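Colleague: After the sequence you'll find the predicted model.
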Amino acid sequence: MKKSKLYWKNIKKNLSRQFCPNVSLHRFIGEANFRYNNKNILEIGFGHGADLLECKKRGGKVYGLDINTNFVKSLKKKIFNVKNIDCSKEKIPFKKKFDLIYHRDTICYFSDKEILFLQKNIFEKLKINGIHVFQYIEDDYQKLDKAKLKLNNFNINISKNFRKKKFAEKLNPIRFLKFKNLLKLNQKIGFFLVGKKILIESYGLKENKLRLNRYLMFKKNEFSNV
């Protein structure tokens, strides 16, 4: 997965653009009745930092890690506790434990071995009763040539009009992951599954491409393996 990580490690574009926080992520966290105020919150792979800034806006004590030095330098102007490391092989450097640790898309660039390393490290750094939320990509779909989709018809019918086909740009080599594999891995570490959420996102003005994302929420409680 070296090429995958290098894509984000070396990217320099759009550092000056304004990015919005991910509504689906924060809504999902809110459904667990998590209160940001005065909580220690860590984002792994924060990118442009919109979600971490949203956590700070809501009163959280925020920390961030990213493989890209440009992202770290840019966000450090607004958030002090951000560091540049590769979390697929380096341990979380902050000494404190966290109430919430989350990442989005990050593990789609990791090998199975790297995912295991990261998730074990997250488990170690999470407080008892802390929550861990992450999002990953399960599948991409592209419209079949014969399919006739109309702008005023919202019944896209995936099984009839689409086929599974990756559409990420070639320089951004993501991998698809499966729920049952990630569930088994995280339960083996000691996490308890408390929630999941599917998000189907369309791309293009005529919804010619679809991406199936899933959010998972785990908890570390007093009965977890420590």
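Modeller: Noted; the coordinates are in hand.
Colleague: Give me the three-state assignment for the residue sitting furthest away from the middle of the chain.
Modeller: Within the chain, Lys146 marks the point farthest from the mean C-alpha position, 34.0 Å out by Cα atoms, centre = their mean. Secondary structure state of Lys146, per DSSP: H, G, I helix; E, B strand; the rest coil, is coil.
Colleague: what residues are up against it?
Modeller: Contacts for Lys146 were tallied using Cβ atoms under 8 Å, 6 or more residues apart in numbering; there are none. Every residue, glycine included, has its C-beta placed from N, CA and C.
Colleague: what's the spacing between it and Lys160?
Modeller: Between Lys146 and Lys160 the distance is 10 Å, computed by Cβ to Cβ, to the nearest Å.
Colleague: residue boundaries of the helices in this protein?
Modeller: Ranges of helices in the chain, per DSSP state H, are 2-10, 23-30, 50-57, 69-75, 112-125, 158-161, 179-189.
Colleague: now for the protein, which residue lies nearest the mean position of the chain?
Modeller: Arg104 (0.9 Å).
Colleague: Quick check: it touching His26?
Modeller: No. Judged on Cβ atoms under 8 Å, Arg104 makes no contact with His26 at a distance of 11.3 Å.
Colleague: which residues do these two both contact?
Modeller: Common contact partners of Arg104 and His26 (Cβ under 8 Å, 6+ apart): Asp51.
Colleague: Could you tell me the model confidence score at the residue farthest from the centre of the chain?
Modeller: pLDDT for Lys146: 80.
Colleague: what's near enough to touch the residue lying closest to Glu31 once chain neighbours are set aside?
Modeller: Spatially, and ignoring its direct neighbours in sequence, Glu31 is nearest to Gly195 (6.8 Å; Cβ to Cβ, 6 or more residues apart in numbering). Shown in contact with Gly195 (Cβ under 8 Å, 6+ apart): Phe28, Glu31, Ala32, Tyr215, Leu216, Met217.
Colleague: Let's see that with 10 Å instead.
Modeller: Gly195 makes contact with Phe28, Ile29, Glu31, Ala32, Ile131, Val133, Tyr215, Leu216, Met217, Phe218, Lys219 under the criterion Cβ atoms under 10 Å, 6 or more residues apart in numbering.
Colleague: list the buried ones in stretch 131-145?
Modeller: 131-143 (16 or more other Cβ atoms under 10 Å).
Colleague: Columns distance to Asn40 and pLDDT on top of the residues you listed, output as CSV?
Modeller: Converted to CSV, those look like this (distance: Cβ to Cβ, whole Å; pLDDT from 0 to 100):
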residue, distance to Asn40, pLDDT
Ile131, 12, 97
His132, 13, 98
Val133, 15, 98
Phe134, 17, 98
Gln135, 21, 98
Tyr136, 24, 97
Ile137, 28, 96
Glu138, 30, 96
Asp139, 34, 95
Asp140, 35, 95
Tyr141, 38, 95
Gln142, 41, 93
Lys143, 44, 91
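Colleague: Partner strands of the lengthiest strand in the chain and their direction?
Modeller: Secondary structure of the chain read by DSSP state E shows that its longest strand is strand 126-143. Applying DSSP bridges to the sheet, strand 126-143 is found paired with strand 98-104 (parallel), strand 162-164 (antiparallel), strand 209-220 (antiparallel).
Colleague: Compute the inter-axis angle for the longest one and helix 23-30.
Modeller: Between the direction of strand 209-220 and that of helix 23-30, the angle (axes from the mean of the first three to the mean of the last three Cα atoms, to 10 degrees) works out to 20 degrees.
Colleague: Before I go, just wanted to say thanks for your time.
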